[in-house]
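In: sequence unavailable; structure follows:
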Ligand code: PEP
Ligand code: MG
C-alpha cells in the first residue's frame, strides 16, 4: 500500500510540475477547506455563504428580510455579523494564506421565508383568532413571493434591495482577514448582469475594506449571459471573474438546472442534441463560446484580470481541458474532484503545448 501511495504521489507531483492551471476547491466551511488541502487544493475558488444562514440562524435572516424599520433591520444585521466573522476566521485559518474567494450571499429568497401556501392555510384556518404576527408575516411573504425565484431576488439583486446585507458580510470578511495574518481574501459578487450593479457593491466594499485597513480583491461571477457579452465593461469594476457555469448553462440553454431529470433531457441525449448533459460537460459551442468571449473581452480591458471557473464543470476533465485552452488561471471544484482536475490540467498543458492562448 505504501508503495502505491508513493507511486500516486510521484504521478501527482509530476502532473503539478507540468500544469499551468491552478486548482482550487469549492468549500463552505473549515472542515471542507481542510479536506480540500489534503487533496491538493491551492486555494478556495468558491465559498458559498448562503448555507451559513440556515439552521439556527434562519430566524435572524427572517427578521432581516421582513424588517419593517431601520432599527429592526440593523438589529438583525448586528446579530449576524459576529457569527459570519467567526465562519470566515475558521476558513481563513484552515487555508493559511492560500487565496480564498468568498461569495456574497446568493440564495433564492424563498429558501429563507416560510412557505407561502402553508402560511396562508394556517392563517385561513385560524380565521378570526389568527395571530397578529402570522398575519403580518403572511403579508410580507406575499409581497416577496415570486413565480420564478431562480430568476428573481437572488445574488447581487438581494444585496441591492436589502440595505446593509452585503456590507455586513464584507465587514465580517475584512475583520476576519485582519485577524488571520497572511490571509488573501477575494470578495465575489454573484449574478451580476450589468457593470452598474457591480459598481454599487464594489464601491461599498472598497469603503469598508479601507475602514478596516485590509486589502482584498473584489470581483464577480460571470454566470448571466449578459455579463459574458458585456465583459469588457464589467472588467472595469472587477479584479477577477469566476465563471458560474451552472447558471450560465441554465440561462444560455434555457434549461432549469433543478429539473435536469425532465423527460426531454433523456430524449435529447437519445437524439444526439448533446452527447452528455451540458450541466456535466461544458457545452463548448454555446456556453463555452460565452466563456471565451468574456475571457477575451475582460482581458482587453484589464490585462491582469484573474480568471477562474467555479461551476460543476471545474472538475470535469473535458471542461478542465477547455479552461486551459481559453487561458483561465484556475479551476475550482469539489474537494473530491481535485486529483482528477490536477491530472487533466497537466494533460492539457502537455498536449496543448505551443497552442496556449497566453
Ligand atoms: C454557478 O452558477 O455555476 C455557481 C457556481 O453558483 P451556484 O451553483 O451556487 O449557483
Ligand atoms: Mg450560480
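Out: Structure's in. What do you need? Worth saying up front: this structure is predicted, and the values here are computed from it rather than measured. Ligands and ions are numbered 1, 2, ... in the order given.

In: from here on, just use CA atoms for contacts and neighbour counts.
Out: Noted.

In: which ones are touching the residue in the stretch 51-200 of the chain positioned nearest to ligand 1?
Out: Per C-alpha to the nearest ligand atom, residue 106 is where the stretch 51-200 of the chain lies closest to ligand 1, at 7.0 Å. Contact analysis of residue 106 by C-alpha atoms under 8 Å, 6 or more residues apart in numbering lists 48, 49, 50, 154, 155, 156, 158, 190, 191.

In: would you check how far apart the first one and ligand 1 are?
Out: The one in question is residue 48. 7 Å (C-alpha to the nearest ligand atom, to the nearest Å).

In: is stretch 131-149 in proximity to ligand 1?
Out: No: applying C-alpha under 6 Å from any ligand atom, one finds stretch 131-149 separated from ligand 1 by no less than 12.4 Å.

In: any idea how far that stretch is from the chain center?
Out: 28 Å (C-alpha atoms, centre = their mean, to the nearest Å).

In: check which residues of it are buried.
Out: 135, 137, 138, 140, 141, 144, 145 (16 or more other C-alpha atoms under 10 Å).

In: make a markdown table out of those residues and add secondary structure and pLDDT.
Out: Listed next are the buried residues of stretch 131-149 as a markdown table, based on DSSP: H, G, I helix; E, B strand; the rest coil; pLDDT from 0 to 100:
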| residue | secondary structure | pLDDT |
| --- | --- | --- |
| 135 | helix | 85 |
| 137 | helix | 84 |
| 138 | helix | 87 |
| 140 | helix | 84 |
| 141 | helix | 86 |
| 144 | helix | 85 |
| 145 | coil | 86 |
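
In: out of the residues you listed, which one sits closest to residue 300?
Out: residue 144 (39.9 Å; C-alpha to C-alpha).

In: looking at the protein, which helix is longest?
Out: helix 70-95 (DSSP state H).

In: so which bits of this protein are right by ligand 1?
Out: 223, 244, 245, 246, 247, 310, 311.

In: got the contact list for residue 338?
Out: Taking C-alpha under 8 Å, 6+ apart as the test, what residue 338 contacts is 23, 24, 25, 36, 39, 40, 41, 315.

In: can you put those residues in TSV and add neighbour count?
Out: Output for those, formatted as TSV (neighbours: other C-alpha atoms under 10 Å):
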residue	neighbour count
23	28
24	34
25	32
36	26
39	17
40	18
41	26
315	29
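
In: which residues in the stretch 151-300 of the chain form helices?
Out: Secondary structure of the stretch 151-300 of the chain (DSSP state H, counting those that start in this stretch): helices located at 155-161, 165-179, 195-212, 225-229, 231-234, 245-253, 263-271, 287-301.

In: hmm, who's touching the third one?
Out: I take that to be helix 195-212. 156, 159-160, 166-167, 170-171, 174-175, 178, 189, 192, 215-216, 218, 220, 233-234, 236-238.

In: buried sites along that helix?
Out: Applying 16+ other C-alpha under 10 Å to helix 195-212 flags 195, 197, 198, 201, 202, 205, 206, 208, 209 as buried.

In: what of the second one?
Out: Within helix 165-179, the residues that qualify as buried are 165-178, counting by 16+ other C-alpha under 10 Å.
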